[in-house]
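>>> Sequence first, then the predicted structure, then my questions.
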Amino acid sequence: MFQDLKEKWKVDWRQFTLIICTFIFGGSFCGYVGRKILAAFAVENGFGRIGLYVLIVCLIWPFSVLLISIAFGQFSFFKDYIQRIMRIFSKTPKKHIAIFASGTGSNARKILEHFTDHSSVSIALIVSNKATAGVLQIATEYQIPTLIIERERFFRGDTYLQDLRSAQIDFIVLAGFLWKIPTALIEAYPNKIVNIHPALLPKYGGKGMYGQLVHESVIEAKEKESGITIHYVDDKYDHGSILFQARCPVLETDTPDILAQKIHKLEHQHFSTVIEKLLAEK
Ligand code: GAR
């Protein structure tokens, strides 16, 4: 049971312990304050008192837990946790993401793992320009609908807007997608399309700068560091405003494959959480 919870909360054992402590101390503090309030108003014993106690405890529980979470260094976890509970009660519809990918889809897999059973986000569609792309296999594994797009319709037709609308897509994530995004799609999703690039933009971006070629160029230029960039998509390749960057050293002994592994590690570590934060602000 603890193992399941730990995986659901996506935390390590140390953080898991601190969270449980916060629940225990937050709950006790909440009960203590509830009893003090009843005593201050001299509420008589009986069913009325029990009902009032339960009501007070429910009302002050979020504040009590948030307060105690500061002491345990878990404020940001509990802030998100309470927001998620609020969303369940307020019945805000989930945001639907489409992931566009052309390759093996390791980033898509991480995003799918992250948002499985998420309270406010669901991955509703996987879009690929390649019928043989590994990402489609991952989509099947996670039972996510897929859409294979054709060049002609994407660039000169309706850019598949109808398909995206009927899947109720609110947000698009490019996770290793090779084609440029047509202006019509950018206009239909203003500031709602993000891309991940395997270098520190504005360096090593632009047409043809994809995957392994990026790492080869970084090594050839004898750069001391590389990294990842997550940015909004505009009508130029790898150009829109930057949302997030993370860095890693490039050693003299690094080959493009070794650098690719370091970059993938950074991508897997950060992409989903950046998307989650961005969607929470929208
Ligand atoms: C990722 O490294 C991503 O940054 C890159 O393609 C790779 C896809 O890997 N994207 C670009 O180069 C975009 N210009 P994945 O299929 O394993 O997720």
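The structure has been received and is ready for your questions.

>>> what's the spacing between the residue of the chain found nearest the ligand and residue 15?
Closest contact between the chain and the ligand, by Cβ to the nearest ligand atom, is at residue 176 (2.5 Å). The way it works is simple: take the backbone N, C-alpha and C, and place the C-beta from them, glycine included. Residue 176 sits 30 Å away from residue 15, going by Cβ to Cβ, to the nearest Å.

>>> Please identify which of the two sits among more neighbours.
Applying other Cβ atoms under 10 Å to residue 176 and residue 15 shows that residue 176 carries more neighbours, namely 25 against 16.

>>> For that one, grab phi and psi.
Dihedral pair for residue 176: phi 80, psi 50, per degrees, to the nearest 10.

>>> next one: residue 196
phi -110, psi 140.

>>> Hmm, residue 196 is touching residue 232, no?
No. The pair residue 196 / residue 232 is not scored as a contact, 11.7 Å apart, by Cβ atoms under 8 Å.

>>> Tell me which of these two has more neighbours.
A count of neighbours by other Cβ under 10 Å puts residue 196 above the other of residue 196 and residue 232, at 24 against 17.

>>> Per-residue pLDDT of the more buried one, please?
pLDDT recorded at residue 196 is 97.

>>> So it versus residue 266, what's the distance?
10 Å.

>>> what sits in contact with each of those two?
residue 228 (Cβ atoms under 8 Å, 6 or more residues apart in numbering).

>>> Show me what the host helix or strand of residue 62 is in contact with.
Per DSSP states H and E, residue 62 falls inside helix 47-71. For helix 47-71, contacts defined as Cβ under 8 Å, 6+ apart pick out 22-23, 25-27, 29-31, 33-35, 37-38, 43, 75, 77-79, 82, 85.

>>> Of those, select the buried ones using a ChimeraX command.
Of these, the buried ones go into a single ChimeraX selection, burial set by 16 or more other Cβ atoms under 10 Å:
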select :22,23,25,26,29,30,31,33,34,38,77,78,82
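
>>> Give me the subset of the contacts of helix 47-71 lying in helices.
22-23, 25-27, 29-31, 33-35, 37-38, 75, 77-79, 82, 85 (DSSP state H).

>>> which residue sits farthest out from the middle of this structure?
Most distant residue from the mean C-alpha position of the chain: residue 44, 49.4 Å away (Cα atoms, centre = their mean).

>>> For the residue of the chain closest to the ligand, give me the pLDDT.
pLDDT at residue 176 comes out at 95.

>>> That one touches residue 110, doesn't it?
No. Judged on Cβ under 8 Å, residue 176 makes no contact with residue 110 at a distance of 11.6 Å.
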